[in-house]
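Enquirer: Let me see the structure of the following:
(one chain, ligands or ions: 1)
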Amino acid sequence: MDAQFWINAWMEGRTAFHQSEYNEKLLAYFPTLSPTQGQSVLVPLCGKSRDLCWLRDQGLTVRGIELYEEAVAAFFPENAFSAPTITRRYDFVTYESEGVVIDCGDFFKFAAPAAFDFVYDRAALVALPESMRETYAEKVQASLRPGGKCLLITYEYDPREFQGPPFSVDETQVRLLYGGCCDVRLLLRRDLKVEGSRLSALPSLKEAVYEVTKRQGP
Ligand SMILES: C[S@@+](CC[C@H](N)C(=O)[O-])C[C@H]1O[C@@H](n2cnc3c(N)ncnc32)[C@H](O)[C@@H]1O
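Expert: So this is what the prediction gives:
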């Protein structure tokens, strides 16, 4: 899935992934990670997700990364933020307003070693084909401070039934991607019914939620 795939998806309105409400798994499970005021959260491949607002409202400093600039620009007026300041630097154009920063650019060029207390991954890992996931997971774990936590939401289905995105990423893959440097804890797995999406036709679709904690030691 290269950048052009996503630019086309946005331009053609193929954005069924965008939710008008806060993600219910975020509301249910992010508090279990015990965030405190002033801590930081990274949201890779954030689109123009309203979840950024909810995270900001918890007192966290929020940094999203998204490649499609029109989505980044739209996020602020759509959520009644004041006009963002816009800074162009190297590979990123940074939009910032009222506690939310979104870097517009390629997440694979983003580097902020051990800078974040949390990562929120909804429709990010599962947006990427298998060939890109290892590098993505390395970036995520490198961005977390030791002891930092990622809330990860995945889909599970028979990949012979449907070629993503969103891709099926099962627990074995999650543990392969993160188990070397992180403790992986399954918080939820449940059957999922979706409407108005290409996933609706799948005979079996599950959603899983993980807490991925970066280990303190090497
Ligand atoms: C499936 S959408 C999910 C968006 C968001 N997480 C949400 O929950 O609404 C994936 C997003 O990742 C963005 N994206 C894909 N590859 C990217 C990359 N390499 N760097 C930054 N953003 C990327 C796409 O433009 C798209 O907005």
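
Enquirer: Show me the shaky parts of the protein.
Expert: 218 (pLDDT under 70).

Enquirer: and the residue nearest to the spatial centre of it, what element?
Expert: With distances taken as CA atoms, centre = their mean, Asp121 lies nearest the centre of the chain, 2.9 Å away. Using DSSP states H and E, Asp121 falls within strand 116-122.

Enquirer: same check, this time on Ala16
Expert: Assigned by DSSP H and E, Ala16 belongs to no helix or strand.

Enquirer: Which residue is the nearest non-sequential neighbour of it?
Expert: Excluding the flanking residues, the one nearest Ala16 by CB to CB, 6 or more residues apart in numbering is Ser197, at 5.0 Å. Bear in mind the C-beta positions are built from the backbone N, C-alpha and C, glycine included.

Enquirer: Distance-wise, check the one you found relative to the ligand.
Expert: Ser197 sits at a distance of 11 Å from the ligand (criterion: CB to the nearest ligand atom, to the nearest Å).

Enquirer: One more: Val41?
Expert: Distance from Val41 to the ligand, by CB to the nearest ligand atom: 13 Å.

Enquirer: please begin residue numbering at 17 from this point
Expert: Sure thing, new numbering starts at 17, so read that last one as Val57.

Enquirer: That residue: what's it in contact with?
Expert: For Val57, the contact set (CB atoms under 8 Å, 6 or more residues apart in numbering) comprises 51, 71, 76-79, 132-136.

Enquirer: now with 6 Å?
Expert: Neighbouring residues of Val57 by CB atoms under 6 Å, 6 or more residues apart in numbering: 71, 76, 78, 134, 136.

Enquirer: likewise Tyr152?
Expert: The contact partners of Tyr152, taken as CB under 6 Å, 6+ apart, are Leu144.

Enquirer: Torsion angles phi and psi at it?
Expert: phi -60, psi -50 (degrees, to the nearest 10).

Enquirer: from the contacts of Val57, which single one is nearest the ligand?
Expert: Among the contacts of Val57, Tyr136 lies closest to the ligand (CB to the nearest ligand atom), at 8.5 Å.

Enquirer: returning to what we had before: quickly note the distance from the residue nearest to Ala32 to Ile169.
Expert: As judged by CB to CB, to the nearest Å, Ser213 and Ile169 stand 15 Å apart.
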